[in-house]
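[1] Fold the following, please.
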Amino acid sequence: MSLFDIFYRERSTEMKRLKRTAAVCVAVAALCCPPVPAAARGGDGWHEMSGKMEETTPGRRVLRMRDCRALSIDSMRVDTVTVYEIVCRVAARKTAAWAGITERSIGRSLGFVYGGKVVCRPFVHMRVESGRFSVTGTDGRLMRSLYEAMDKRGE
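    The predicted structure is shown next:
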């Protein structure tokens with residue numbers, strides 16, 4: 001077995017562990033941030049959020065929903081609650097803009113608004129250059145509707 005094989009196997013195991021940890025963190029965040037009605041200015045998509053975490057007042061829209069493409073939808077059980085996750089990416093022409101948006105939002109929240117509701121409100125810790133993100137929530141109908149709307153708009 002070569003040194004490369006050993007490194008790759010260790011890296012692979014570490015990535016699996018990180019993915020499991022991330023899934024649990026996403027599930028906990030989804031349980032703490034259920035959908036809350038909001039007067040969404042500017043339509044569906046990512047918005048700057050103002051106020052404390054308990055408040056859900058979306059501010060200026062920073063990325064339109066039509067610039068996002070849903071890649072997959074999945075669900076997991078956490079205790080007695082089902083948490084849904086939609087994995088998405090922004091359009092190739094918006095990847096640099098998304099990196100800038102996330103960089104400017106470090107230390108604050110962005111909120112994903114759909115149908116007049118703040119679906120999720122993640123706290124931004126770092127710049128996201130890949131253009132990928134996920135939207136989580138516990139309302140199965142809302143999440144399925146969002147997935148179908150994103151899939152149609154993002155093509």
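[2] ok, which stretches of this protein are helices?
    Along the chain, counting by DSSP state H, helices occupy 3-32, 95-104, 140-153.
[3] packing partners for the second one?
    Yep, that's helix 95-104 we're talking about. The contact analysis (3 or more CB pairs under 8 Å, 6 or more residues apart in numbering; DSSP states H and E) places helix 95-104 against strand 57-64. (Glycine included, C-beta is placed from N, CA and C.)
[4] Pull up the pairing partners for the strand it packs on, direction included.
    Strand 57-64 has the following strand partners under DSSP bridges: strand 45-50 (antiparallel).
[5] buried set for the partner strand?
    Taking 16 or more other CB atoms under 10 Å as the basis for neighbour counts, the residues of strand 45-50 that come out buried are 45-49.
[6] Specify the angle between it and helix 95-104 in degrees.
    Strand 45-50 and helix 95-104 are oriented at 20 degrees to each other (axes from the mean of the first three to the mean of the last three CA atoms, to 10 degrees).
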